[in-house]
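Participant: Any chance you can model this:
(one chain, ligands or ions: 2)
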Amino acid sequence: MANANNSNGQEQTNGNNKDLNTKREDYLEWKDYFMSVAFLSAQRSKDPSTQVGACIVNDENKIVGIGYNGMPNGCHDDELPWSRTGDWLDTKYPYVCHAEMNAIMNKNCSSVSGCRIFVALFPCNECAKLIIQSGIKEVFYMSDKHKDRDYMIASRKLLDLAGVKYQQHIPKQRKIVIDFDSINERHPKKP
Ligand SMILES: O=c1ccn([C@H]2C[C@H](O)[C@@H](COP(=O)(O)O)O2)c(=O)[nH]1
Ligand SMILES: [Zn+2]
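Facilitator: Ligands and ions are numbered 1, 2, ... in the order given. Next comes the predicted model:
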């Protein structure tokens, strides 16, 4: 769409040539927004190999829980291993809390029953159990890269039996950049 003109006939655009008089069309749609929140939350993870985030949303599109994979509360993450290999007790696996678990435990409402969960990775079988028991009704995931592993087959089996729906989220915006400096951008003076 052509940029609107001001009373002097000048176009009102910002430095990136964006029309300042017409409603934005490239705003984040809801599901991209919730998945982005999950990905942003994942940035808090100290796991060196896989950072997972989860965002739980109710039927009013309100976020009611956010989490990422990390060590349990009170267990200092410098005192537990982050390794993937070696003796099981010397790896992260027996200790780390999964993103979905943390999002459910961090809920800011009495129940997440009927909610949707947005996750970076398809949930494992342990998270599937938590999702089912908490009453979450739908899972949106980005990646299913471990889909052939036994624990993922078990996860799908559980979700299917419990009637929890799942679907891969295909984002409309492939890349979202947060530019903290943009808030200082100044628009042309109003006429
Ligand atoms: O459902 C899941 C499955 C895994 N995670 C977390 C647990 C670990 O911190 C990483 C997986 O590490 P790898 O090195 O890729 O094995 O992901 C989760 O949060 N939710
Ligand atoms: Zn899990």
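Participant: Could you use CA atoms for every contact and neighbour count after this?
Facilitator: Fine.
Participant: what kind of secondary structure is Ser36 in?
Facilitator: helix (DSSP: H, G, I helix; E, B strand; the rest coil).
Participant: can you count the residues close to the nearest residue to it once chain neighbours are set aside?
Facilitator: Residue nearest to Ser36 in three dimensions, not counting chain neighbours: Ile176, with 8.0 Å by C-alpha to C-alpha, 6 or more residues apart in numbering. The tally of other residues near Ile176 (other C-alpha atoms under 10 Å) stands at 10.
Participant: so where does Ile176 fall, helix or strand?
Facilitator: Of the helices and strands defined by DSSP states H and E, none includes Ile176.
Participant: quick one: it and ligand 2, what's the gap?
Facilitator: Using C-alpha to the ion, to the nearest Å, Ile176 is found at 26 Å from ligand 2.
Participant: which residues does the residue nearest the centre of the chain contact?
Facilitator: Most central in the chain under C-alpha atoms, centre = their mean is Ala38, positioned 1.4 Å from the mean C-alpha point. Contact analysis of Ala38 by C-alpha atoms under 8 Å, 6 or more residues apart in numbering lists 52-55, 66-68, 118-120.
Participant: how much space between it and Asn69?
Facilitator: Distance of Ala38 to Asn69, given as C-alpha to C-alpha, to the nearest Å: 11 Å.
Participant: Tell me which of the contacts of Ala38 fall in strands.
Facilitator: Secondary structure defined by DSSP state E assigns 53-55, 66-68, 118-120 of the contacts of Ala38 to strands.
Participant: Of those, grab the buried ones for PyMOL.
Facilitator: Of the ones in strands among the contacts of Ala38, the buried ones go into a single PyMOL selection, burial set by 16 or more other C-alpha atoms under 10 Å:
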select buried, resi 53+54+55+66+67+68+118+119+120
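Participant: can you map out the helices along this protein?
Facilitator: In the chain, the helices defined using DSSP state H lie at 30-42, 99-105, 125-134, 150-162.
Participant: Most tightly packed of those helices?
Facilitator: Highest mean neighbour count of the helices of the chain: helix 99-105, a mean of 23 (counted as mean count of other C-alpha atoms under 10 Å).
Participant: and it, what does it pack onto?
Facilitator: strand 53-57, strand 63-68, helix 125-134 (3 or more C-alpha pairs under 8 Å, 6 or more residues apart in numbering; DSSP states H and E).
Participant: out of the ones you listed, which comes closest to ligand 1?
Facilitator: helix 125-134 (5.4 Å; C-alpha to the nearest ligand atom).
Participant: The closest one relative to helix 150-162, how many degrees between them?
Facilitator: 20 degrees (axes from the mean of the first three to the mean of the last three C-alpha atoms, to 10 degrees).
Participant: so Phe34 makes contact with Cys55?
Facilitator: Yes - between Phe34 and Cys55 there is a contact at 6.4 Å, judged by C-alpha atoms under 8 Å.
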